[in-house]
Every structure is written in structure tokens, then in C-alpha cells.
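Student: Predicted structure and sequence below. I'll ask about it afterward.
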Amino acid sequence: MSNLSLDHVVKRYGDLTVVKDVSLGIKEGEFVSLLGPSGCGKTTILRMVAGLIEPSGGAIRIASTDVTRLPPNKRNIGLVFQSYALFPHMTVFENVAFGLRRKGESGTTLDGRVNEALAMVRLPGYGERYPRQLSGGQQQRVAMARAIAPRPSVLLFDEPLSNLDAKLRDEMQIELKRLQRELGITTLFVTHDQGEALSLSDRVCVMNDGIIQQFAAPEDVYRRPATAFVASFIGKPNRLKATVRGGRLTLGEGLDLRTDSALGADGSATDVFIRQEAINLTPTGADDANRIPGTIALRSFSGPQVQYVIRIAGGHELVVEAASSGTASHLEHGQPVTLEVRPQDVLVLGESVRS
């Protein structure tokens, strides 16, 4: 049974529909990310679950209770904002205690719950400090402690790591995943960062234009995208135009690709997606792989990876990502190379689906 469910939820602003008939169910203790570009409707969904926005249609349930019209304080949720939203004039202790006091907690019970929450986010002994005395990462942990102290049924995160620098963001991802696993709280996490969504989530809900494009485990979203949008949004894809000829994909000038994807009628045009990291640069390859000759047009070193732009037949270019510690890391501009792509990594997909 779903601990959090949306049933045909719609949100309109006048003639503009920003969430279009969305239905999904999140299991008890599950971590689900809403992922998509700006304006896709993901934050609107989270704010409807939180009770900050009222749906134009549909129903929202938490633990089988219809909360669609309930105010936020009646939903037993914890909410962590992008901006932390800490009270600057209150100590860390009082910030964490705020929600508990509103529920009528006091005395030793309140003290114990606050200290327990601070210990969970690895900030024991910080109760007497003020937000201005903390780093950004520490402030975000206080915001998490405040959200979990009342022991909510559902945790909601609205892009909580976007204000942090890259190194601290990586550290906080680990802390957030550890905390959620320890607590076992059903969690809905909104982000536009696919790395966050893939690494943190049990399932990822990819959205575009108010519609769910795919709702699946991270590896399924990455390896088996359901639509052209998901394939182009997740990872680093090359997108090529091809024509179906004799059960293969023709890019022109005698360059054909085999694929495991279903193909349309002979002679039909289609888009082909090949992820940068799915292409190998190798002098020898497996007999069952597509082998494509090309020439290096550009080389870019970025630390862990080397990125190549490789020109192939018909004026096409493919971007290839290779490990900087690998054998293909020292190729030079103008050097001829052979690209190897497995048929299962040549993706042919439809445009979109409705939720």
C-alpha cells in the first residue's frame, strides 16, 4: 500500500495547466525524486503535497487519509526548503524545537527529541549556537533536524542541496541518504540535478511539461529510458538522425548501425540516442558490436574524464567520454580512431507519454 499517493492530480493557473493529471504512489519508507527541468511541475507537486498550494483536481493521500484540503499543520509532514528557512534570532535548539512546541511538547520530552534529532544529523552539542555561526552545510543539517524532530509520516525536500558548493553537496548527499535509511521515513525529493536523483532515490519520477515521462528505479531510467525526452535529459546522449533500412539504422554514406530497439517501417526517419559513456574507443572490438571509423576533431581534459568530439561519415559528430586513467586518454586531434557501440546501447524511442 502506498504511504503517499497522488490520484489524477491537476493544477491550473487560469488557462495554464502546470500539472496534468498526475498519478503516482510512494511506498512506506521509499525515497522518490521528482526530476525534470525548470517549469516541469515538480515543485508544484511538492507544494500541493505540503498543503501550500491547493490542487485544481484530484486527490492526495498520506497513509490512506485524504489530505487534499487539509492545512499543512494537519498533514504530519516535514519540509526542508532550498533556503534552509532558519530563524536567525533563535538558537539551533529553538529552531529544532519550533515544530515540537507548536504540537504542545515541552520539558524533558522536548529536550530529548531535539537532542535526538541533532545527534541524527551529527550536530550534538550545537544547540546553543545561532545560524550565523554555522556553515551552509551545518545550517542545512539543522533544517533537516527541525523537519525530523516531530517524527513526520512524510519528508519533503525542495532542492535542499542547490545552495551548497560541489564538494559539500556531495558530502550532504551521503548524509541525507544515511539519515533517510536510518529513519525509514517516506521521502519526496525535488531536484533538477540528475546525479542527485539517481544516487539518492529508490525510484525516480522524470517529468516534463506537467507530465510524468517515466517512474522507475534509477538504473531503469538510465539504461532503459521510456521516451525520447528521458533519453535526452538523463546522462549525456548523442542524438542523431537516421533512416530505417532493412532492419538497421542508416546514417548515410554506407554507415549502418544495428540496434536492439524496435524499429518502424522501412524508409521511416527516426532519432537515435547513444550515450557518450556507452562508446568505446578501441583498436579491436567484439564481433557483435557496431564499429564506426572516425577522426578526433576535439579533445578536452576535465580531470576524471577526457571528452572527445569525433567526426564520422556523413558529417556527423559523436561526443565520447573516456576515463582519464584509461588507455584511450591520450589520443590527439586529427588521429583516426574506431568507435565501438553495442546494439543494446543504440536507443530508438518515442517522443513522450502521459502519466
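Tutor: Now that the structure is in, tell me what you want to look at. Numbering: from 1, shown residues only.
Student: For burial, what's the neighbour tally of the nearest residue to residue 136 once chain neighbours are set aside?
Tutor: Leaving out its chain neighbours, the residue that sits closest to residue 136 by CB to CB, 6 or more residues apart in numbering is residue 164, at 5.5 Å. C-betas here are computed from N, CA, C, even on glycine. The tally of other residues near residue 164 (other CB atoms under 10 Å) stands at 18.
Student: which residues touch residue 164?
Tutor: 136-137, 140, 172 (CB atoms under 8 Å, 6 or more residues apart in numbering).
Student: Let's see that with 10 Å instead.
Tutor: By CB atoms under 10 Å, 6 or more residues apart in numbering, residue 164 lies in contact with 135-137, 139-140, 170-173.
Student: Where does it fall, secondary structure wise?
Tutor: Under the criterion DSSP states H and E, no helix or strand holds residue 164.
Student: so what's the backbone phi/psi at it?
Tutor: phi -100, psi 150 (degrees, to the nearest 10).
Student: Now rank the contacts of residue 164 by neighbours and give me the top one.
Tutor: Counting by other CB under 10 Å, top hit in those: residue 140 with 26 neighbours.
Student: hang on, that one packs against residue 159?
Tutor: No: under the criterion of CB atoms under 10 Å, residue 140 is not in contact with residue 159, lying 11.3 Å apart.
Student: tell me the strands in the stretch 1-150 of the chain, going along the chain?
Tutor: Counting by DSSP state E, counting those that start in this stretch, the stretch 1-150 of the chain has strands at residues 2-13, 16-27, 31-35, 57-62, 65-66, 77-80.
Student: May I see the buried residues of the first one?
Tutor: Put plainly, it is strand 2-13. Neighbour-count burial for strand 2-13 flags 2-7, 9-11 (criterion: 16 or more other CB atoms under 10 Å).
Student: coming back round to it: hey, what's in contact with both of residue 140 and residue 159?
Tutor: 80-82.
Student: any chance of those residues in CSV, plus distance to residue 205 and pLDDT?
Tutor: As requested, the shared contacts of residue 140 and residue 159 are exported to CSV (distance: CB to CB, whole Å; pLDDT from 0 to 100):
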residue, distance to residue 205, pLDDT
80, 18, 91
81, 20, 85
82, 19, 81
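Student: Of those residues, which is the nearest to residue 311?
Tutor: Among these, residue 82 lies closest to residue 311 (CB to CB), at 41.8 Å.
Student: tell me the residue furthest from the middle of this structure?
Tutor: residue 107 (40.7 Å; CA atoms, centre = their mean).
Student: roughly how far apart are that one and residue 291?
Tutor: Counting by CB to CB, to the nearest Å, the gap between residue 107 and residue 291 amounts to 73 Å.
Student: now residue 20
Tutor: Applying CB to CB to residue 20 and residue 291 gives a distance of 43 Å.
Student: between those two, who's got more neighbours?
Tutor: Neighbour count, other CB under 10 Å: between residue 20 and residue 291, residue 20 has more, with 18 against 14.
Student: which stretches of this protein form helices?
Tutor: 42-50, 92-102, 107-120, 136-148, 166-183, 194-200, 218-223, 228-233 (DSSP state H).
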